[in-house]
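Chemist: show me the folded form of this:
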Amino acid sequence: MRDERALRTVVAVTAGGTATYDGVADLPALVARAVALARATGFDLSSIPEQGRLLQVLARGCEGGRIGETGTGAGVGVAWLASAVGATTEIVSVEREPGLVAATRELFADHPNVTIVEGDWTRIHDHAPFDLLVVDGGGKGHDGEPIAEPRALLAPGGAIVLDDFTPMTGWPPSFHGAPDRTRLRWLEHPDLLVTEVRTTPTTASLVGKLR
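Modeler: Here you go, the predicted model:
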(Lines give C-alpha, C1' and ligand atoms only; values in the text may rest on other atoms or scores of the structure.)
Protein backbone atom coordinates (compact mmCIF):
# COMPACT_ATOMS: atom_id res chain seq x y z
CA MET A 1 0.00 0.00 0.00
CA ARG A 2 1.31 3.46 -0.85
CA ASP A 3 1.91 5.82 2.05
CA GLU A 4 0.32 9.29 2.23
CA ARG A 5 3.35 10.98 0.63
CA ALA A 6 3.26 8.63 -2.35
CA LEU A 7 -0.48 9.09 -2.75
CA ARG A 8 -0.09 12.86 -2.72
CA THR A 9 2.55 12.57 -5.44
CA VAL A 10 0.25 10.39 -7.55
CA VAL A 11 -2.51 13.00 -7.28
CA ALA A 12 -0.12 15.78 -8.31
CA VAL A 13 1.23 13.87 -11.31
CA THR A 14 -2.26 12.85 -12.44
CA ALA A 15 -3.47 16.44 -12.27
CA GLY A 16 -0.31 17.96 -13.71
CA GLY A 17 3.33 17.18 -14.12
CA THR A 18 5.40 17.50 -17.26
CA ALA A 19 2.65 15.95 -19.42
CA THR A 20 0.35 18.94 -18.80
CA TYR A 21 2.58 21.03 -21.05
CA ASP A 22 1.54 18.99 -24.09
CA GLY A 23 -0.12 21.41 -26.48
CA VAL A 24 0.47 24.47 -24.28
CA ALA A 25 1.53 27.46 -26.38
CA ASP A 26 3.02 30.86 -25.52
CA LEU A 27 5.37 29.56 -22.85
CA PRO A 28 8.34 31.76 -21.95
CA ALA A 29 11.31 30.53 -23.96
CA LEU A 30 13.23 29.47 -20.85
CA VAL A 31 10.25 27.50 -19.56
CA ALA A 32 9.90 25.73 -22.90
CA ARG A 33 13.57 24.73 -22.71
CA ALA A 34 13.11 23.39 -19.19
CA VAL A 35 10.05 21.40 -20.23
CA ALA A 36 12.05 19.92 -23.10
CA LEU A 37 14.75 18.94 -20.61
CA ALA A 38 12.14 17.33 -18.34
CA ARG A 39 10.86 15.26 -21.25
CA ALA A 40 14.37 14.29 -22.33
CA THR A 41 15.31 13.14 -18.83
CA GLY A 42 11.97 11.46 -18.13
CA PHE A 43 11.27 13.79 -15.22
CA ASP A 44 7.48 13.86 -14.73
CA LEU A 45 7.10 15.90 -11.55
CA SER A 46 7.41 19.39 -13.03
CA SER A 47 5.31 22.25 -11.71
CA ILE A 48 2.13 22.49 -13.76
CA PRO A 49 1.64 25.56 -16.00
CA GLU A 50 -0.90 27.12 -13.63
CA GLN A 51 1.54 26.83 -10.73
CA GLY A 52 4.20 28.37 -12.95
CA ARG A 53 2.02 31.41 -13.57
CA LEU A 54 1.51 31.76 -9.83
CA LEU A 55 5.27 31.59 -9.30
CA GLN A 56 5.73 34.36 -11.87
CA VAL A 57 3.34 36.65 -9.99
CA LEU A 58 5.03 35.99 -6.65
CA ALA A 59 8.52 36.38 -8.13
CA ARG A 60 7.71 39.77 -9.60
CA GLY A 61 7.11 41.05 -6.10
CA CYS A 62 10.71 40.09 -5.22
CA GLU A 63 12.55 41.96 -7.98
CA GLY A 64 16.08 42.67 -6.79
CA GLY A 65 15.78 40.25 -3.88
CA ARG A 66 16.50 36.58 -3.29
CA ILE A 67 14.31 33.60 -4.17
CA GLY A 68 14.90 30.04 -2.99
CA GLU A 69 13.52 26.68 -4.06
CA THR A 70 13.78 23.15 -2.70
CA GLY A 71 13.63 20.49 -5.42
CA THR A 72 14.97 21.78 -8.74
CA GLY A 73 13.94 18.73 -10.77
CA ALA A 74 14.46 19.55 -14.43
CA GLY A 75 14.30 23.27 -13.73
CA VAL A 76 10.75 24.08 -14.81
CA GLY A 77 9.92 25.94 -11.59
CA VAL A 78 13.20 27.86 -11.70
CA ALA A 79 12.51 28.76 -15.33
CA TRP A 80 9.13 30.25 -14.43
CA LEU A 81 10.77 32.27 -11.66
CA ALA A 82 13.70 33.43 -13.77
CA SER A 83 11.40 34.43 -16.65
CA ALA A 84 9.61 36.86 -14.32
CA VAL A 85 12.58 38.77 -12.90
CA GLY A 86 15.74 40.52 -13.99
CA ALA A 87 19.38 39.71 -13.46
CA THR A 88 19.50 41.53 -10.11
CA THR A 89 17.20 38.92 -8.54
CA GLU A 90 19.11 35.97 -7.10
CA ILE A 91 17.56 32.52 -7.46
CA VAL A 92 18.94 29.54 -5.53
CA SER A 93 17.55 26.04 -6.01
CA VAL A 94 18.63 22.80 -4.33
CA GLU A 95 18.51 19.37 -5.99
CA ARG A 96 19.77 16.05 -4.63
CA GLU A 97 20.01 14.10 -7.92
CA PRO A 98 23.48 14.69 -9.47
CA GLY A 99 22.28 14.09 -13.01
CA LEU A 100 19.56 16.72 -12.72
CA VAL A 101 21.99 19.12 -11.07
CA ALA A 102 24.38 18.86 -14.02
CA ALA A 103 21.59 19.19 -16.58
CA THR A 104 19.97 22.20 -14.97
CA ARG A 105 23.28 23.97 -14.41
CA GLU A 106 23.80 23.71 -18.16
CA LEU A 107 20.24 24.89 -18.80
CA PHE A 108 20.79 28.06 -16.75
CA ALA A 109 24.43 28.59 -17.75
CA ASP A 110 23.62 31.95 -19.32
CA HIS A 111 21.70 33.12 -16.23
CA PRO A 112 24.37 34.08 -13.68
CA ASN A 113 21.70 35.03 -11.15
CA VAL A 114 20.59 31.35 -10.95
CA THR A 115 22.50 28.94 -8.70
CA ILE A 116 21.77 25.21 -8.60
CA VAL A 117 23.05 23.61 -5.39
CA GLU A 118 23.61 19.87 -5.15
CA GLY A 119 22.46 18.22 -1.95
CA ASP A 120 19.62 17.55 0.44
CA TRP A 121 16.93 20.23 0.67
CA THR A 122 18.38 21.46 3.96
CA ARG A 123 21.25 23.02 1.99
CA ILE A 124 18.82 25.85 1.29
CA HIS A 125 19.64 27.12 4.79
CA ASP A 126 23.12 28.04 3.58
CA HIS A 127 21.64 30.74 1.34
CA ALA A 128 18.87 32.18 3.54
CA PRO A 129 17.14 34.52 4.13
CA PHE A 130 14.78 34.62 1.15
CA ASP A 131 12.14 37.09 0.05
CA LEU A 132 10.31 34.14 -1.52
CA LEU A 133 10.79 30.43 -0.81
CA VAL A 134 9.28 27.80 -3.09
CA VAL A 135 9.00 24.50 -1.21
CA ASP A 136 8.69 22.11 -4.12
CA GLY A 137 10.72 19.19 -2.78
CA GLY A 138 11.88 18.46 0.75
CA GLY A 139 10.77 20.66 3.57
CA LYS A 140 7.00 20.22 3.30
CA GLY A 141 6.86 18.05 6.40
CA HIS A 142 5.20 14.92 5.03
CA ASP A 143 4.75 12.16 7.63
CA GLY A 144 5.89 14.44 10.43
CA GLU A 145 9.29 15.16 8.89
CA PRO A 146 10.96 18.54 9.55
CA ILE A 147 9.60 21.48 7.62
CA ALA A 148 11.30 24.47 6.05
CA GLU A 149 10.82 26.71 9.07
CA PRO A 150 9.79 30.15 7.82
CA ARG A 151 11.36 32.11 10.67
CA ALA A 152 14.76 30.60 9.86
CA LEU A 153 14.52 30.91 6.07
CA LEU A 154 12.51 34.03 5.24
CA ALA A 155 13.54 37.66 5.30
CA PRO A 156 11.18 40.05 7.14
CA GLY A 157 7.92 40.12 5.21
CA GLY A 158 9.02 37.14 3.12
CA ALA A 159 6.62 34.71 1.48
CA ILE A 160 6.51 30.94 1.09
CA VAL A 161 4.61 28.82 -1.45
CA LEU A 162 3.91 25.07 -1.48
CA ASP A 163 2.13 23.16 -4.24
CA ASP A 164 0.83 19.62 -4.83
CA PHE A 165 -2.28 19.90 -2.69
CA THR A 166 -5.84 19.05 -3.60
CA PRO A 167 -8.43 21.84 -3.06
CA MET A 168 -9.81 22.09 0.45
CA THR A 169 -13.56 21.45 0.67
CA GLY A 170 -14.11 21.55 4.43
CA TRP A 171 -12.52 21.92 7.82
CA PRO A 172 -10.36 20.32 8.92
CA PRO A 173 -8.82 19.68 5.50
CA SER A 174 -8.68 16.01 4.62
CA PHE A 175 -6.75 13.77 2.29
CA HIS A 176 -8.05 10.33 1.37
CA GLY A 177 -10.58 10.47 4.19
CA ALA A 178 -8.13 11.41 6.95
CA PRO A 179 -7.05 14.79 8.36
CA ASP A 180 -4.38 16.34 6.13
CA ARG A 181 -1.70 16.79 8.77
CA THR A 182 0.82 18.25 6.36
CA ARG A 183 -1.52 21.01 5.27
CA LEU A 184 -2.64 21.69 8.82
CA ARG A 185 0.97 22.21 9.94
CA TRP A 186 1.23 25.07 7.47
CA LEU A 187 -2.23 26.56 7.81
CA GLU A 188 -1.83 26.72 11.58
CA HIS A 189 1.85 27.70 11.67
CA PRO A 190 2.24 30.49 14.26
CA ASP A 191 4.82 32.38 12.18
CA LEU A 192 2.71 32.59 9.02
CA LEU A 193 -0.46 34.01 7.59
CA VAL A 194 -1.48 31.36 5.04
CA THR A 195 -4.13 31.07 2.37
CA GLU A 196 -4.96 28.41 -0.18
CA VAL A 197 -4.89 29.30 -3.88
CA ARG A 198 -6.76 26.95 -6.21
CA THR A 199 -4.65 26.65 -9.37
CA THR A 200 -6.97 24.24 -11.24
CA PRO A 201 -10.23 22.53 -10.26
CA THR A 202 -8.17 19.64 -8.85
CA THR A 203 -4.95 21.28 -7.60
CA ALA A 204 -4.12 23.93 -5.03
CA SER A 205 -1.15 25.72 -3.49
CA LEU A 206 -0.56 27.30 -0.13
CA VAL A 207 0.86 30.81 0.01
CA GLY A 208 2.05 32.21 3.31
CA LYS A 209 3.48 35.49 4.53
CA LEU A 210 5.82 35.81 7.48
CA ARG A 211 4.09 37.53 10.39
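
Chemist: scan this structure for its longest strand.
Modeler: For the chain, the strand with the greatest residue count under DSSP state E is strand 154-165.

Chemist: so which bits of stretch 54-74 are buried?
Modeler: Within stretch 54-74, the residues that count as buried by 16 or more other C-beta atoms under 10 Å are 54-56, 58-59, 62, 65-74. (Glycine included, C-beta is placed from N, CA and C.)

Chemist: of those residues, closest to residue 153?
Modeler: Of all the buried residues of stretch 54-74, residue 153 sits closest to residue 68, with 7.1 Å by C-beta to C-beta.

Chemist: that closest one: what's it in contact with?
Modeler: Residue 68 makes contact with 91-94, 124, 127-128, 130, 132-134, 153, according to C-beta atoms under 8 Å, 6 or more residues apart in numbering.

Chemist: give the next helix or strand downstream of the helix or strand harbouring it.
Modeler: In this structure, residue 68 is located in strand 66-70 according to DSSP states H and E. The helix or strand immediately downstream of strand 66-70 is helix 76-82, counting by DSSP H and E.

Chemist: against residue 46, how distant is the spatially most central residue of the chain?
Modeler: Geometric centre of the chain, nearest residue: residue 136, 3.1 Å, by C-alpha atoms, centre = their mean. Residue 136 sits 10 Å away from residue 46, taking C-beta to C-beta, to the nearest Å as the criterion.

Chemist: circling back: contacting residues for the residue nearest to the centre of the chain?
Modeler: 47, 69-71, 73, 77, 162-163.

Chemist: ok, those vs residue 143, which is closest?
Modeler: Using C-beta to C-beta, residue 162 comes nearest to residue 143 of the contacts of residue 136, at 15.3 Å.

Chemist: what about that closest one, distance to residue 112?
Modeler: 28 Å.

Chemist: more neighbours, those two?
Modeler: The neighbour count for residue 162 versus residue 112, taken as other C-beta atoms under 10 Å, is higher for residue 162 (24 against 9).

Chemist: thought the more buried one was touching residue 205?
Modeler: Yes: with contacts counted by C-beta atoms under 8 Å, residue 162 reaches residue 205, the gap being 6.3 Å.

Chemist: isn't residue 198 right next to residue 206, touching?
Modeler: No: with contacts defined as C-beta under 8 Å, residue 198 does not count as touching residue 206, sitting 10.9 Å away.

Chemist: compare the two (neighbour count), which wins?
Modeler: Just comparing residue 198 and residue 206: by other C-beta under 10 Å the higher neighbour count belongs to residue 206, 23 against 14.

Chemist: what sits against the more buried one?
Modeler: Contact analysis of residue 206 by C-beta under 8 Å, 6+ apart lists 161-162, 165, 183, 186-187, 194-197.

Chemist: next one: residue 30
Modeler: Applying C-beta under 8 Å, 6+ apart to residue 30 gives the contacts 79, 82-83, 111.

Chemist: re the thing from before, out of the buried residues of stretch 54-74, which comes closest to residue 17?
Modeler: Set against residue 17, the nearest of the buried residues of stretch 54-74 by C-beta to C-beta is residue 73 (10.2 Å).
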